[in-house]
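**Q** starting from these lines, generate the structure:
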Amino acid sequence: MAEKPRPESIISIVNAKSADIEQTDQTIIHESVGVVMALDQLRESLNLVETHLNNREFA
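**A** Below you'll find the model as predicted:
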C-alpha cells in the first residue's frame with residue numbers, strides 16, 4: 001500500500017501552487033460573472049418578446 005502523504009508536504013505543495021490556484025480562482029469568478037450577465041440579458045430579451053406576444057404585436 002502506498003504511503004500517505006504527510007500534512008506538511010501537502011501544505012508546502014499548496015503554498016508552492018498558490019499563485020496558480022489564485023489565477024484559476026479569478027478565472028472562474030470572471031467567467032461566472034460573464035455567464036450571469038449573459039443570463040440577465042437573455043432574461044430581459046425574453047421579457048420583451050413575451051410583452052410583444054401578449055400585446056399581439058407581431059412584426
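
**Q** thought residue 21 was touching residue 14?
**A** Yes. Taking C-beta atoms under 8 Å as the definition, residue 21 is a contact partner of residue 14 at 7.3 Å. C-beta: built from backbone N, CA, C; applies to glycine.

**Q** list residues touching both of these two?
**A** Jointly contacting residue 21 and residue 14 under the rule C-beta atoms under 8 Å, 6 or more residues apart in numbering is no residue at all.

**Q** chain center to the longest helix seen in the chain, what's the gap?
**A** Scanning the chain for the longest helix, with DSSP state H as the assignment, gives helix 18-54. Relative to the mean C-alpha coordinate of its chain, helix 18-54 is positioned 8 Å out (C-alpha atoms, centre = their mean, to the nearest Å).

**Q** got it, and stretch 10-27?
**A** 18 Å.

**Q** tell me the mean pLDDT over the longest helix of the chain?
**A** For helix 18-54, mean pLDDT is 96.
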